[in-house]
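>>> quick one: sequence plus predicted model below, questions after.
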Amino acid sequence: MENQKGHVLVLPYPAQGHINPLLQFAKRLASKGLRATLATTHYTIGSIKAERVHVEPISDGFDEGGYKQAPSTQAYVESFRRVGSKTLSELISKSYETEHPVNCIVYDSLLPWALDVAKTFGIYAAVLLTNSASVCSLFWYIHQGRLTSPLCPDALPIVLPGLPLLEFSDLPSFLAYPESQSAYLALIMEKFARLEENDWVFCNSFEELEAELVKALFGIWPLAMVGPLVPSAYVDRQIDGDTSYGGSLWNPTSDQCSRWLDKRPLGSVIYVSFGSMGNISSDQVEEIAFGLKATNKHFIWVLKDFEHKLKSPIQFLDSIQNRGLVVEWCDQLEVLAHRAVGCFVTHCGWNSTLEGLSLGMPMVGVPLWSDQATNAKFLEEKWRVGLRARKGEQGTVTREEVEMCVREVVEGERSEEFKKNALNWKDRAKRAVSKGGSSDKNLGEFVAKIREGGG
Ligand code: UDX
């Protein structure tokens, strides 16, 4: 039963890697009896299927086609700030005419302007960080003047509290190549400049996973780790029937994958995916294709536009016969949870990384951009659940490297260690979100505060 008091508006950036954790967060609030409304753009609202969460539209100014309709990223984020603030304010005002006035906004870290909307209404504001706390701390350290951007090569490797030693190749692309992503970097920096103005800083991670950093930030950020924000069926089973995020922007070819996997032996299949946002070059696709082929193992590969990315796609598919299945999009969790899958070759997007850890999957990291290089470093060196593939001289990960990493993770000397560590992380992730676990407790404390009303 929804409690009478307290109504939280949850506001995702309209991309797959952001809708997933914020929708899962809203579902977790609803499962604790709180009224939660996901406010999402007109272009994405049709994809949301979540029974217990209310859903309302807001506008980014591009209602027909979303960001693809915008002339540039800069134009998109400016439009979203302007039109989004207005339509979000209207939504909150409308709620005051009902029995459920909104008293808190939980907003995506790429929508820092939502903090101003919350302040205008005098309600609680909380940011939800969709990257690891470690990656986020790097941006904050810049704001604190403890790290410079653009980076000074003399300052490398970087030594900062709570973090391992970081080389240039370990850094998020927004920091390593700031000129190439200035629109996103500006949003990120704006958020960290005003972090302490939030009532809560939520992070889609869990305390044990980033223990040193949580310790280093204790009392500095109002940080509450609430992850992994992965559908309940795969971690704690607290939400009935919660087997998917419920907001897929593309249609998955799940039946085809399941049928194909059902015929494969236990742990024999490599699942390969590079997420939803990264742009993978044709050269890199070619190397991965032939690296996978050389392993002689079964694989499922999710790749949009495969036919145009590979030089001779039909020849390639013929040459691997039924050893590989290439699909445009799948239900990633369903595939990862299948008994036949034994290794995850991932771009190390934060959601994919958390999903791999939560499902106890040994991984090979092939980072493309954004926070992925840092996640890949942690995967290999801190959590020790697999290897990070290294780029060759041409700037791509070679086929030999792909083959070597997959073989090493699946059947090499350390394969048992990777498997064991991955299963340990699975247990810890489960503990964190289960009743009484660290993330569940953090969420419970938030819910109790919101239920008191106020804000
Ligand atoms: C990117 C970043 O890399 C990520 O770290 C950041 O926080 C958000 O933007 P993305 O490239 O989409 O995200 O990767 P990821 O964070 O892994 O999210 C992809 C999501 O799509 C995952 O939840 C995954 O389960 C889902 N997915 C992916 C599918 O459901 N089907 C697929 O076929 C592939």
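Good, I have the coordinates.
>>> quick one: contacts of the stretch of helix or strand Glu401 belongs to?
Assigned by DSSP states H and E, Glu401 falls within helix 399-411. Applying Cβ atoms under 8 Å, 6 or more residues apart in numbering, the external contacts of helix 399-411 come out as 270, 287-292, 294-295, 297, 342-343, 345, 362-364, 366, 386-390, 392, 414-415, 418. Quick note: C-beta positions are derived from backbone N, CA and C, even for glycine.
>>> only the buried residues of that helix, if you could.
By 16 or more other Cβ atoms under 10 Å, the buried positions in helix 399-411 come out as 399, 401-410.
>>> now whichever residue of the stretch 151-300 of the chain sits closest to the ligand, what's its secondary structure?
The minimum distance from the stretch 151-300 of the chain to the ligand, using Cβ to the nearest ligand atom, falls at Gly275 (2.8 Å). At Gly275 the chain is in coil, as set by DSSP: H, G, I helix; E, B strand; the rest coil.
>>> compute the number of surrounding residues for the residue lying closest to it once chain neighbours are set aside.
In space, and not counting its chain neighbours, Gly275 is closest to Gly349: 4.0 Å by Cβ to Cβ, 6 or more residues apart in numbering. Gly349 is flanked by 26 other residues according to other Cβ atoms under 10 Å.
>>> quick check: Gly349 touching Gln372?
Yes. Using Cβ atoms under 8 Å, Gly349 is in contact with Gln372, at 6.3 Å.
>>> what sits against the nearest residue to Asp242 once chain neighbours are set aside?
Take Asp242 and drop its neighbours on the chain: the residue closest to it by Cβ to Cβ, 6+ apart is Ser232, 3.8 Å away. Residues in contact with Ser232 (Cβ under 8 Å, 6+ apart) are 27-28, 31, 238-239, 242, 433.
>>> need phi/psi at Gly241.
phi 70, psi 20 (degrees, to the nearest 10).
>>> now it: closest residue in space that isn't a chain neighbour?
Once flanking residues are discounted, Gly241 sits nearest to Ala233: 7.4 Å by Cβ to Cβ, 6+ apart.
>>> helix, strand, or coil at that neighbour?
Ala233 - assigned by three-state DSSP - is helix.
>>> next: Val201.
strand.
>>> what about it, neighbour count?
Residues near Val201, counting by other Cβ under 10 Å, number 22.
>>> which ones are touching it?
For Val201, the contacting residues are 126-127, 129, 195, 221-224, by Cβ under 8 Å, 6+ apart.
>>> low-confidence stretches in the protein?
By pLDDT under 70, the weakly predicted segments of the chain are 1-4, 278.
>>> geometric centre of it: which residue is closest?
Nearest residue to the geometric centre of the chain (Cα atoms, centre = their mean): Asn351, 2.9 Å.
>>> the closest residue to Glu207 other than its chain neighbours: neighbour count?
Nearest residue to Glu207, sequence neighbours excluded (Cβ to Cβ, 6+ apart): Ser438, at 4.5 Å. Ser438: 18 surrounding residues under other Cβ under 10 Å.
>>> quick one: the strands in this structure?
In the chain, the strands defined using DSSP state E lie at 7-11, 35-41, 54-58, 104-108, 124-129, 200-203, 223-225, 269-273, 298-302, 324-327, 341-346, 363-365, 386-388.
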